[in-house]
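Student: Sharing a sequence plus its predicted fold:
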Amino acid sequence: MLSVGTYLISKDIAETLERKLDFSLDQKIKTEIKILEDEFLTKFWPYIPQDINQVSVNCQDISTTLEYLTKRNNLPVISLDRVYITNANAYLEVTRQTNPKTGIITLAPRPNTPPLECQISKIASQYEKIILADVGAFGGDTILEIVSKLSQEKIVIKEIYLGFSTQEATNKIKQITPCTPIQTYNFYEWIELRDLFGIDGRQVESKTKEKTYIPYWENLGNWASIPQKNIEPVSQLCKQYYHLLVQKLINNGFNASTIGTQVPYNGEK
């Protein structure tokens with residue numbers, strides 16, 4: 001059967017809990033989380049069309065390679081992702097923010113971080129030439145928008161390193177600055193497992209310091225390319241494993257409420 005693209009899932013639950021949400025996990029619970037990830041994928045893959053190439057990768061494998069590559073230029077590394085790059089000189093805390101009523105997406109700072117202009121000004125005051133690193137690019141437009149904002153502050157980006165990319169995105173970015181992805185795919189879809197597990201999702205604007213987000217199970221058709229007939233069972237599967245994970249964290253003495261507050265999505269589906 002001829003594949004019409006790759007459905008890529010990056011397995012990043014433990015790394016997200018540790019590096020993004022500040023959980024201190026021991027090896028026992030990390031192993032238990034990996035088992036949950038594998039169980040989930042065994043049940044998830046049958047809901048994806050069988051002519052799609054189904055691939056899962058371990059976050060730590062990509063992280064190790066990215067961290068090695070970014071150091072070879074001997075330039076400061078600015079990272080857009082704390083989960084995949086842990087040894088950056090600085091982090092630009094930026095994300096795509098979704099309006100839960102309209103679905104409109106805008107570039108915004110992550111929760112509890114300064115406005116993007118302040119973050120970029122601080123980076124510009126410290127570094128003239130940098131390496132930029134991120135987990136990946138689907139179409140490349142978000143990366144290029146960030147590159148434009150950095151360039152406006154006279155920051156020279158010598159190279160961009162990505163975990164994953166499409167050839168189209170890489171070519172688009174290369175028109176502006178050198179770009180090296182670790183792995184290149186013809187994406188049918190690319191999802192980080194933390195989004196399917198519901199511990200992360202589409203960030204929304206919040207008036208409090210608490211992380212507020214829309215879980216992907218609110219819009220699996222558009223956000224995860226799930227066939228219409230499979231949306232309900234996949235939604236139930238995602239919610240089941242969210243609760244299994246949360247219960248495991250609670251049983252190990254963690255405050256699972258720090259994951260954040262989930263809100264419904266009322267935009268176009």
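Tutor: Here it is on my side, so go on.
Student: need the strands for the stretch 151-269 of the chain, in chain order.
Tutor: 156-165, 179-184, 187-192, 202-203, 212-214, 261-262 (DSSP state E, counting those that start in this stretch).
Student: Could you export those as a markdown table, including distance to P109?
Tutor: Yep, even glycine has a C-beta here, placed from its N, CA and C like the rest. Shown next, in a markdown table, are the strands of the stretch 151-269 of the chain (distance: least, CB to CB, whole Å):
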| stretch | distance to P109 |
| --- | --- |
| strand 156-165 | 20 |
| strand 179-184 | 24 |
| strand 187-192 | 19 |
| strand 202-203 | 10 |
| strand 212-214 | 14 |
| strand 261-262 | 18 |
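Student: Now tabulate the ones you listed in TSV and tack on mean neighbour count, distance to S225 and mean pLDDT.
Tutor: Putting those into TSV (neighbours: other CB atoms under 10 Å; distance: least, CB to CB, whole Å; pLDDT from 0 to 100) gives the following:
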stretch	mean neighbour count	distance to S225	mean pLDDT
strand 156-165	22	16	96
strand 179-184	18	19	96
strand 187-192	20	4	96
strand 202-203	22	15	94
strand 212-214	22	17	95
strand 261-262	15	21	95
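Student: The ones you listed: which one's closest to V94?
Tutor: strand 202-203 (10.3 Å; CB to CB).
Student: Go ahead and name everything in contact with the closest one.
Tutor: The contact list for strand 202-203 (CB atoms under 8 Å, 6 or more residues apart in numbering) reads 95-98, 108, 110-111, 211-214, 216, 223, 265.
Student: And for stretch 109-125?
Tutor: 78, 90, 92-95, 107-108, 130, 149-150, 153-155, 203, 206, 209-212.
Student: And that stretch, what's buried?
Tutor: Buried residues in stretch 109-125, counted by 16 or more other CB atoms under 10 Å: 109-111, 116, 119-120, 123.
Student: In contact with N230, which residues?
Tutor: Y47.
Student: Could you report the distance from it to H243?
Tutor: 20 Å (CB to CB, to the nearest Å).
Student: And stretch 165-174, what's buried?
Tutor: 165-166, 169-170, 172-173.
Student: ok, those residues vs K11, which is closest?
Tutor: Of the buried residues of stretch 165-174, the one sitting nearest to K11 (CB to CB) turns out to be S165, at 18.6 Å.
Student: quick one: contacts for that closest one?
Tutor: Here S165 is in contact with 136-137, 140, 173, 179, 181, 183-185 (CB under 8 Å, 6+ apart).
Student: Setting aside sequence neighbours, what's the nearest residue to it?
Tutor: P181 (3.7 Å; CB to CB, 6 or more residues apart in numbering).
Student: beta partners for the one you found?
Tutor: L162 (DSSP bridges).
Student: hang on, it packs against L162?
Tutor: Yes - the pair P181 / L162 is scored as a contact, 4.3 Å apart, by CB atoms under 8 Å.
Student: any shared contact partners between these two?
Tutor: 136-137, 170.
Student: Keep only those of these that are in helices.
Tutor: T170 (DSSP state H).
Student: And the contacts of S165, which is closest to R19?
Tutor: Using CB to CB, the contacts of S165 come closest to R19 at G136, 16.3 Å.
Student: Fine by me, we can end here.
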